[in-house]
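Sequence plus the predicted model coming up.
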Amino acid sequence: MAMADRRSGYAAGVCVPTPMPWPDFLTGQETAPVRVLLIDDDEFVRRVIAQELLSDMRIQLEGQADSIREGRKLLARHEFDVLMVDLRLSDGMGFELISEARNHQSNGEIIVISALEDDSHVLRAFELGATGYLLKNAWLQSFAEAVLHVVNGGAAITPRLARRLLHRLNNNHRHAHQDDPAGNAPPPRQPGRDATLTPRESEILRFVACGYVSAEIGERLGITWQTVNVHIKSIYKKLHVHSRAQAVNFAVHTGLI
């Protein structure tokens, strides 16, 4: 009987996919892999995702759970960089775990993995601070790449879902223009007094808005990526947001940047 590779799960004689080169400035080096928690009550799906994560040396699967109850235990026991969570669990909705994860570790990233693709669930997840939403029945998507995208300042969303949301935004924009052809949009919501950013924080937020990750921002400003993340955490607190996307959206609409 063919022996399987201990880490990848691939049988002997089967070519393991060659990992793509990973730049030194990105999070997820083999010496400091991205820590992931996985919560899904579908044993088959969870096993498929876990095998893909374990086959990537840039990722470390810290723990798995199949319910809200067990998920809470994971959150209490483990620090994480990315939480991957299903929305429809046997003992409730994953929204509860998203909120608790944000309270437990505000700078962690959250990716929803779900069969639910209606706009209300998707938008609710992003409102709570998720930076990724992957559909279980989608094809041509990589769970490992999604993890690496969000932990380096990006977002991960199933392409079909992204296209539908873009269509919705375009429709909303068109209807707004029809209702107000002169373009007299209501004034943006003004930030609170504690939303005043320092010059350095504004500078960093502008880089974030342009898609730069923490290490790249640090290089350009002559500071460490850890210092950049400290500034980003301060920005989150001042703007009362939970993700880079929310921070940029708020700052753009309020004129902070």
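Perfect, I can see it now. Numbers count the residues shown, from 1 in each chain.

Apart from its neighbours in sequence, what residue is nearest residue 36?
Excluding the flanking residues, the one nearest residue 36 by Cβ to Cβ, 6 or more residues apart in numbering is residue 82, at 4.8 Å. For the C-beta atoms, the positions are set from N, CA and C on the backbone; glycine is no exception.

Who are the contact partners of the nearest residue to residue 247 once chain neighbours are set aside?
Excluding the flanking residues, the one nearest residue 247 by Cβ to Cβ, 6+ apart is residue 241, at 4.9 Å. Residues near residue 241 by Cβ atoms under 8 Å, 6 or more residues apart in numbering: 129, 235, 247, 250.

Now do the helices for the stretch 51-200 of the chain: every range, in order, please.
Using DSSP state H, counting those that start in this stretch, the helices assigned to the stretch 51-200 of the chain run over residues 68-77, 95-104, 119-127, 143-151, 159-179, 199-209.

the inter-axis angle of the first one versus helix 95-104?
Just to be clear, that refers to helix 68-77. Counting by axes from the mean of the first three to the mean of the last three Cα atoms, to 10 degrees, helix 68-77 lies at 10 degrees to helix 95-104.

Surely the residue nearest to residue 36 and residue 33 touch.
No. Using Cβ atoms under 8 Å, residue 82 is not in contact with residue 33; the gap is 10.9 Å.

more crowded one of the two?
Per other Cβ atoms under 10 Å, whichever of residue 82 and residue 33 has more neighbours is residue 82, with 25 against 19.

Name the residues linked to that one by a beta bridge.
Residue 82 forms beta bridges with residue 36, residue 109, as assigned by DSSP bridges.

just to revisit the earlier point, ranking the helices of the stretch 51-200 of the chain by mean pLDDT, which is last?
Mean pLDDT is lowest for helix 159-179 among the helices of the stretch 51-200 of the chain, at a mean of 66.

what's the burial count for residue 23?
11.

now it: how far from residue 215?
Residue 23 sits 9 Å away from residue 215, taking Cβ to Cβ, to the nearest Å as the criterion.

do the same with residue 49
Residue 49 is 27 Å from residue 215, by Cβ to Cβ.

Looking at those two, which is more packed in?
Under the criterion of other Cβ under 10 Å, the comparison of residue 49 against residue 215 puts residue 49 first, with 24 against 19.

so where does the more buried one fall, helix or strand?
Assigned by DSSP states H and E, residue 49 belongs to helix 43-54.

if we look at that helix, which residues are touching it?
7-9, 36, 38, 40, 59, 61, 64, 66, 84, 86, 113, 136, 142-144, 147.

Buried members of the residues you listed into PyMOL, please.
To isolate in PyMOL the members of the contacts of helix 43-54 that are buried, counting by 16 or more other Cβ atoms under 10 Å, one can use:
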select buried, resi 8+36+38+40+59+61+64+66+84+86+113+136+143+144+147
